[in-house]
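S.K.: the following block contains a protein sequence and its predicted model.
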Amino acid sequence: MGGFFIDPLKPVDRALITHGHSDHARAGHAHVLATRETLDIMRARLGLGSGDEQQEARLGEPIRIGDVTVTFHPAGHCLGSAQISVEANGMRIVATGDYKREADPTCRGFEFVPCDVLITEATFGLPVFRHPPASREVQGLLDSLKLFPDRTHLVGAYALGKAQRVIALLRQAGHDRTIYLHGALESLCALYERHGVDLGPLEPATGQEKKGGDKLPGEIVMCPPSALQDRWSRRFADPITAFASGWMRVRARARQRGVELPLVISDHADWDDLCRTVVETGCSELWVTHGQEDALVHWAETNGVRARPLRIVGYDESEIE
Amino acid sequence: MNRFAHLLDRLSYEPRRNGKLALMAEYFREVPDPARGYALAALTGDMGFRYAKPALIRALVEERTDPILFRMSYDYVGDLSETVALLWPALAARAGEHGTAPTLPEIVEALHVAGRSEIPSLLSNWLDRLDETGRWALLKLITGSLRVGVSARLAKTAVAELGDLEPADVEEIWHGLEAPYEELFAWAEGRGERPDVSDPVPFRPAMLSHAIEDGDFQKMEAGDFSAEWKWDGIRIQAVCGRDAHGALAKRLYSRTGDDISGAFPDLVEALDFEGAIDGELLVMREGLVQSFNELQQRLNRKNVTARMLKDYPAHLRAYDLLSEDGEDLRPLPFAERRTRLEALVGRLGGDRVDLSPIVTFDGWEALAAARADPAGHGAGEDAAAVEGVMIKRLDSPYLAGRPKGHWYKWKRDPHTVDAVLMYAQRGHGKRSSFYSDYTFGVWRQGEGGADELVPVGKAYFGFTDEELRRIDRFVRQNTVNRFGPVREVVHELDQGLVLEVAFEGLARSGRHKSGLAMRFPRVARLRWDKPPREADRIEALEALVDPS
């Protein structure tokens, strides 16, 4: 109707992007509409592929596209993340994109938008997923640091959003020592700081040897999840492997990755919040995308909301979290 | 309970043996009696109360949650205790109302006296009072499957390391002790004497062998060794001794020291000596060893029916003699123990106990020939029950554990068959969420004349983690049908995955559509290169069926 696509998987003429994660913000669109932060992230990650023409969407300000009106609202998932509301002929459809409702010092909090049709994510759409408070998990990391002051604590976290959130949570918990970064995290941490998110003292983790540094015993080193089992990680002092992810709720997932200290910290809504959001928006119809669609569809139907799964191939449930 | 739950939680993520030992030792040092003793009993599987059945836990959670959501969650998580622990309605959020967390002794002592009908209400009350980790640990405890990567021996080692005991010292007296093991801890910590275990029929830690490897033979002089068949049964220890009243006590132990006497009254009755025999438990009929399949009918049962005793008579084939008339024979060389064993078995009479025959050979080539053809080298009609040969140093004492350089096993080459993957199911435990249980089939002529695949077995190990990921991806991308947790995978003449399956033997079975049951099947190789049309036919398997 408006001639646009939200988070399209293939290059299109006009794309509306909810947030900067690579499975949502793909390269090669002609015209991109997104928040200022998301556009900035796309430029940093995709360079020339970030869209021939970029237009900033201000949160809460309606934009007219053809016959429809679209409005971006904060989603609380990561810096710049948004839900997108689409209105036409007196009907409102809201696509949540990825979202969470737990407070996050690195991005604006989720605001729910009343609507007729809700298109929700369902990454953690099973009632076994109830995220504990992130502050409790971060405290577990600091406790381990006290217990093993000679071992490097290597924390795997997704490079965009999760890493910065964990650092900010550590700062809130009073950890003011330098935190060391894998090279893959440096530019995004700098981007967050340019947008006013204070992350405290940060240093590159590698190259310490040359400067007379050592194997960083008793320090926190942040890295992308893929680096945890890499040879890269063997340089540190008897490292303890931690991984910050909602998937750490399931023990087997942690063990499969050789994680010794699982941190259940997620940037997605847990089961209770997914259900609560459906109720609060007052939607009469629910479309469920990437994740565990079946359980949420079943729950919605037993609670009087018409629901159907949208099975979209290409969003990778297990890696981007 | 929270401290114990914390221990199990840490153990479950600790990959290193020494790390696990340190965690357990720390717990045993910090936690007072009797809680630490009950924890030890939980880790060694000696809890002594009747374990709760998974069905009971399932019923409890389905009462409180949507059964469909429960099933979807269980399918995803792959572990019942964990699913219920995570799913349990968050009453605990309103803590205070339900009181403080129950302690480990409170739970264990209540379970010892509780009647079967009281268990559900006890359990749901405790679940309400515990957090997620506590619920998980409680469910592991009451179902008797901790699965935190700790063997009974490792737990006993942790106790031994509280002082300067050896693990075998603890194992030696273990069967005379009971939870909460206060005397044992006092001894280990140097505060008390060695517990006086006046058990007339103690278990003696078993001696185990190493698989022989290429190159070992060059270092071994054939004349220094004795050989016998490796029988395909269950390794046991049969112990008889006089109790304080002069009565003959008898007991059968599994090789890990579990008391299995209750399941084999026919064999126990026939034991009439004072001493300890190490041997193989077999089912024998009319003087012939039956297949492992038949023995399986008698395993893992608390009670046996008269019918089973008659149809599957239990038998002991003796390998070794560990003690006789109060004398500990373990320090003696194998050759001397063997002579004593032969004399003892000779005196016994009856047909429930016999000797494992010696395989004579004059060099390693001769032994290789015997291993390749047991029937022609003395095993005769029992050859199908021979798994390979055991090679034992003539001058070896009987040593607990798996000492190097004394006993070797040299298994027969397994049979292999090329079969086609037909169905896959998600695994449990560390493989949950991967499709890791595979049903495979071979070709046969269908009723209409065209060839069709018929399932012949299931395999769920034998592949590396990397191969597992590849098969998992293949399953997900080639699913043609779903039946609950099971996926049917494409299996056409030119589309599908061929698995080279290794197995130890084949028996007739009415339970399978093919009429065959494989013993110990596992994936030997993935044949990505081979089209399903080139997989084996049922006739190839028929030719391998053990005559019985």
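M.R.: Perfect, thanks for sending it. Residues are numbered from 1 along each chain as shown, chains lettered A, B, ... in the order given.

S.K.: show me the domain layout of the chain.
M.R.: Chain wasn't specified; assuming chain A. Using automatic domain parsing, the domains assigned to chain A come out as A:5-128+A:268-309, A:134-263.

S.K.: that was the other one, I meant chain B.
M.R.: B:2-143, B:210-411, B:415-542.

S.K.: closest one to A:Leu199 among those?
M.R.: domain B:2-143 (28.2 Å; C-beta to C-beta). Every C-beta, even on glycine, is put in place using the N, C-alpha and C of the backbone.

S.K.: chain center to stretch B:120-130, what's the gap?
M.R.: Chain-centre distance of stretch B:120-130: 31 Å, with C-alpha atoms, centre = their mean, to the nearest Å.

S.K.: ugh, wrong one, I meant stretch B:63-70
M.R.: Distance, centroid of stretch B:63-70 to centroid of chain: 33 Å (C-alpha atoms, centre = their mean).

S.K.: gap between the two ends of that stretch?
M.R.: 11 Å (C-alpha to C-alpha, to the nearest Å).

S.K.: got the buried residues for stretch A:44-61?
M.R.: A:44-46, A:50-51, A:54, A:56-57, A:59 (16 or more other C-beta atoms under 10 Å in any protein chain shown).

S.K.: and of the domains of chain A, who's closest to B:Val420?
M.R.: domain A:134-263 (27.4 Å).

S.K.: count of neighbours near the closest residue to B:Gly134 other than its chain neighbours?
M.R.: Nearest in space to B:Gly134, with sequence neighbours left out and distances taken as C-beta to C-beta, 6 or more residues apart in numbering or on different chains, is B:Ala5 at 4.5 Å. When neighbours are defined as other C-beta atoms under 10 Å in any protein chain shown, B:Ala5 has 23 of them.

S.K.: before we move on, back to that, just send the domains of chain B back as CSV, with mean pLDDT too.
M.R.: Listed next are the domains of chain B as CSV, based on pLDDT from 0 to 100:
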stretch, mean pLDDT
domain B:2-143, 88
domain B:210-411, 91
domain B:415-542, 86
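
S.K.: how close does whichever residue of the stretch 1-150 of chain B sits closest to chain A get to B:Leu139?
M.R.: Going by C-beta to the nearest C-beta, chain A is nearest to B:Leu86 of the stretch 1-150 of chain B, at 3.9 Å. Taking C-beta to C-beta, to the nearest Å as the measure, B:Leu86 falls 11 Å from B:Leu139.

S.K.: hang on, the earlier thing: from what I can see the residue of the stretch 1-150 of chain B closest to chain A touches B:Leu127, true?
M.R.: No. If you go by C-beta atoms under 8 Å, B:Leu86 and B:Leu127 don't touch, sitting 11.8 Å apart.

S.K.: thinking again about what came up before, in strands, which of the buried residues of stretch A:44-61 fall?
M.R.: Using DSSP state E, the members of the buried residues of stretch A:44-61 that fall within strands are A:54, A:56.

S.K.: let me have the buried residues of stretch A:44-61 in JSON lines, extended by distance to chain B and pLDDT.
M.R.: JSON lines is the format used below for the buried residues of stretch A:44-61 (distance: C-beta to the nearest C-beta, whole Å; pLDDT from 0 to 100):
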{"residue": "A:Ala44", "distance to chain B": "32", "pLDDT": "92"}
{"residue": "A:Arg45", "distance to chain B": "27", "pLDDT": "90"}
{"residue": "A:Leu46", "distance to chain B": "27", "pLDDT": "88"}
{"residue": "A:Ser50", "distance to chain B": "31", "pLDDT": "81"}
{"residue": "A:Gly51", "distance to chain B": "32", "pLDDT": "80"}
{"residue": "A:Gln54", "distance to chain B": "36", "pLDDT": "93"}
{"residue": "A:Glu56", "distance to chain B": "39", "pLDDT": "96"}
{"residue": "A:Ala57", "distance to chain B": "36", "pLDDT": "96"}
{"residue": "A:Leu59", "distance to chain B": "33", "pLDDT": "96"}
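
S.K.: check the buried residues of stretch A:44-61 and tell me the two furthest apart.
M.R.: Greatest spacing in the buried residues of stretch A:44-61, by C-beta to C-beta: A:Leu46 and A:Leu59 (22.2 Å).

S.K.: mind checking how far the closest residue to chain B within the stretch 201-321 of chain A is from B:Thr83?
M.R.: Using C-beta to the nearest C-beta, the closest approach of the stretch 201-321 of chain A to chain B is made by A:Ala252 at 4.1 Å. Distance from A:Ala252 to B:Thr83, counting by C-beta to C-beta: 11 Å.

S.K.: between these two, what contacts are shared?
M.R.: Here A:Ala252 and B:Thr83 have B:Val77 as joint contacts, going by C-beta atoms under 8 Å, 6 or more residues apart in numbering or on different chains.

S.K.: between those two, which is the more surrounded one?
M.R.: The neighbour comparison of A:Ala252 against B:Thr83 (other C-beta under 10 Å) goes to B:Thr83, with 28 against 21.

S.K.: the more buried one falls within a helix, correct?
M.R.: Yes. Assessed with DSSP: H, G, I helix; E, B strand; the rest coil, B:Thr83 lies in a helix.

S.K.: identify the residues contacting it.
M.R.: So B:Thr83 contacts A:128, B:61, B:70, B:73-74, B:77 (C-beta under 8 Å, 6+ apart).

S.K.: report the mean confidence score over stretch A:178-190.
M.R.: Mean pLDDT, stretch A:178-190: 96.

S.K.: contacts for it next, please.
M.R.: If you take C-beta under 8 Å, 6+ apart as the criterion, stretch A:178-190 is touched by A:41, A:44, A:159-160, A:163-164, A:167, A:170, A:199-206, A:208, A:216, A:219-224, A:227, A:232.

S.K.: now with 6 Å, please.
M.R.: If you take C-beta atoms under 6 Å, 6 or more residues apart in numbering or on different chains as the criterion, stretch A:178-190 is touched by A:159-160, A:163, A:167, A:199, A:201-205, A:216, A:219-224, A:227.

S.K.: show me where the stretch 401-548 of chain B has strands.
M.R.: Using DSSP state E, counting those that start in this stretch, the strands assigned to the stretch 401-548 of chain B run over residues B:407-411, B:415-426, B:435-445, B:451-459, B:479-483, B:486-489, B:498-503, B:505-508, B:516-519, B:522-527.

S.K.: least reliable of the domains of chain A by average pLDDT, please.
M.R.: domain A:134-263 (a mean of 91).

S.K.: so for that one, first residue to last residue, what's the gap.
M.R.: 8 Å.

S.K.: number of nearby residues for the residue nearest to B:Glu324 when sequence neighbours are not counted?
M.R.: Spatial nearest neighbour of B:Glu324, chain neighbours left out: B:Gly275 (3.9 Å); criterion: C-beta to C-beta, 6+ apart. Residues within reach of B:Gly275, counting by other C-beta under 10 Å, total 20.

S.K.: buried stuff in stretch A:231-246?
M.R.: A:232-233, A:236-237, A:239-246.

S.K.: residues in contact with that stretch?
M.R.: Residues contacting stretch A:231-246 (C-beta under 6 Å, 6+ apart): A:124, A:151-157, A:162, A:166, A:215-217, A:228, A:259-261, A:263, A:265-266, A:268, A:321.

S.K.: returning to what we had before: which one of the contacts of B:Thr83 is nearest B:Leu541?
M.R.: Closest approach between the contacts of B:Thr83 and B:Leu541, by C-beta to C-beta: B:Tyr74, at 34.8 Å.

S.K.: need the contacts of B:Thr83 in a markdown table (columns: secondary structure, distance to A:Thr178 and neighbour count).
M.R.: Compiled in a markdown table, the contacts of B:Thr83 are given as follows (DSSP: H, G, I helix; E, B strand; the rest coil; distance: C-beta to C-beta, whole Å; neighbours: other C-beta atoms under 10 Å in any protein chain shown):
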| residue | secondary structure | distance to A:Thr178 | neighbour count |
| --- | --- | --- | --- |
| A:Val128 | coil | 37 | 26 |
| B:Val61 | helix | 47 | 22 |
| B:Phe70 | helix | 46 | 19 |
| B:Ser73 | helix | 41 | 24 |
| B:Tyr74 | helix | 44 | 21 |
| B:Val77 | helix | 38 | 26 |
